[in-house]
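Chemist: Here is the input, now give the coordinates:
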Amino acid sequence: MAIEREATATWEGTLARGAGRLSSASSVGFNGLAFSLPTRIGPPGDETSPEELLAAAHAGCFAMALASVLTNAEVPPGRLDVSCRITVDEDADVGFRVTKSTLIVAADVDGVSRDALRAAMGAADEACPYSALLRAAGAEVETAIRH
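Modeler: Numbering: from 1, shown residues only. Okay, here's the model as predicted:
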């Protein structure tokens, strides 16, 4: 079963002076999120960026995968807080690329040791399509437990 979702981007103006809006097209999840070059490479202020949206998507995908792994192990989570930091860096040969995605997990799961949580996180990382996509693009995916 294929899953398909759509979003749209509208950009007006040059790269340096222009601005854009991002909207979901297959739901009413978000509409008109502002983004621009200054907030992409500098302080975000009240706008978003493609990298921030990728971080949100990866965190959400990973949280769902981890919930599935824990539930299937008969230790369903009470709460999972997953943060994701996307790193984009310049490669002299190909330009800017996503080089790393760092997932940090705080988990409220009764009866699960740190080692068992680490193992579940490894299985969730293997199950998460965004982790696979990022790795296929040459990015490092790192997971850690929040202390």
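
Chemist: Pull out the buried positions in stretch 134-144.
Modeler: Buried residues in stretch 134-144, defined by neighbour count with 16 or more other Cβ atoms under 10 Å: Leu134, Ala139, Val141, Thr143. Heads up, the C-betas are built off the backbone N, CA and C, glycines and all.

Chemist: tell me the two of those that are most distant?
Modeler: Ala139 and Thr143 (13.4 Å; Cβ to Cβ).

Chemist: ok, and the helix or strand in this protein with the lowest average confidence?
Modeler: helix 37-41 (a mean of 90; mean pLDDT, DSSP states H and E).

Chemist: Quick one: distance of that one to the chain centre.
Modeler: 18 Å (Cα atoms, centre = their mean, to the nearest Å).

Chemist: Just the buried residues of that helix, please?
Modeler: Under the neighbour-count criterion of 16+ other Cβ under 10 Å, helix 37-41 has Leu37, Thr39, Arg40 buried.

Chemist: possible to save the residues you listed as CSV with distance to Asp115?
Modeler: As requested, the buried residues of helix 37-41 are exported to CSV (distance: Cβ to Cβ, whole Å):
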residue, distance to Asp115
Leu37, 44
Thr39, 40
Arg40, 39
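
Chemist: The buried residues of stretch 134-144 in strands, which ones?
Modeler: Members of these lying in strands (criterion: DSSP state E): Val141, Thr143.
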